[in-house]
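*Asks:* Below is the structure, and that's it, no one-letter string:
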């Protein structure tokens, strides 16, 4: 596996940035989050894709973005060897925007720009990008996931790519049973248990 950063530029063999990016080459935010999806833990959500597809696709236009308003708010918890925060604005203009931050040892080491957007065809997409210190993007383009199921306060998103990048999941869920907590469950490409992030409303 290459130890170049997600934007494609090589970093020093001994620099902290290289060490951090090498460890995160197989993780995914974020999410996210954003999801969440970054951090120096080596692997994230390594459940194999072929046998664990998400729920059946929601019919086009069957869900309104307002039904995801329960995601809005300021959330925080511990993960990836540090503290994570995720914040979302309420729905407006067929969109919800948000951000994610990972702080480790008193230093912010990764951010995510998050967007939930309902397109003209009625489909809802979760789009995001990882950003490192100095506002350096980790990907050349956005990562995109489509809402495939919504059951109460549990939403499932699946990658629209045939093969997502190594630092991104195949699919993930957001869940908030009581409105006081937010669980993000991330399913990756390799095999093994998914990664579950637990955050409380602040």
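*Replies:* Done, it's in. Nothing here was measured: the structure is a model prediction, and the numbers come from that model.
*Asks:* for the protein, longest strand please?
*Replies:* Across the chain, the longest stretch assigned as strand under DSSP state E is strand 107-118.
*Asks:* which neighbours does the helix or strand just after that one have in its sheet, and in what orientation?
*Replies:* Under the assignment DSSP states H and E, the closest C-terminal helix or strand after strand 107-118 is strand 124-132. Partner strands for strand 124-132, per DSSP bridges, with pairing direction: strand 107-118 (antiparallel), strand 136-137 (antiparallel), strand 143-151 (antiparallel).
*Asks:* what's the average pLDDT for strand 124-132?
*Replies:* Mean per-residue pLDDT for strand 124-132: 96.
*Asks:* Stretch 138-149 too?
*Replies:* 93.
*Asks:* Now do the buried residues in that stretch.
*Replies:* Residues of stretch 138-149 classed as buried: 138, 139, 143, 144, 145, 146, 147, 148, 149 (neighbour count, 16 or more other Cβ atoms under 10 Å). Backbone N, C-alpha and C define where each C-beta goes, glycine included.
*Asks:* That one spans what distance, first to last residue?
*Replies:* Its first and final residues considered, stretch 138-149 spans 28 Å by Cα to Cα, to the nearest Å.
*Asks:* one step back: could you dump the strands paired with strand 124-132 into TSV with distance to residue 88 added?
*Replies:* Output for these, formatted as TSV (distance: least, Cβ to Cβ, whole Å):
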stretch	distance to residue 88
strand 107-118	7
strand 136-137	21
strand 143-151	15
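*Asks:* Now do the strands in this structure.
*Replies:* Ranges of strands in the chain, per DSSP E, are 73-79, 82-88, 95-104, 107-118, 124-132, 136-137, 143-151, 154-159, 171-175, 181-187, 195-201.
*Asks:* quick one: low-confidence parts of this protein?
*Replies:* Across the chain, residues meeting the criterion (pLDDT under 70) sit at 1-61, 190-192.
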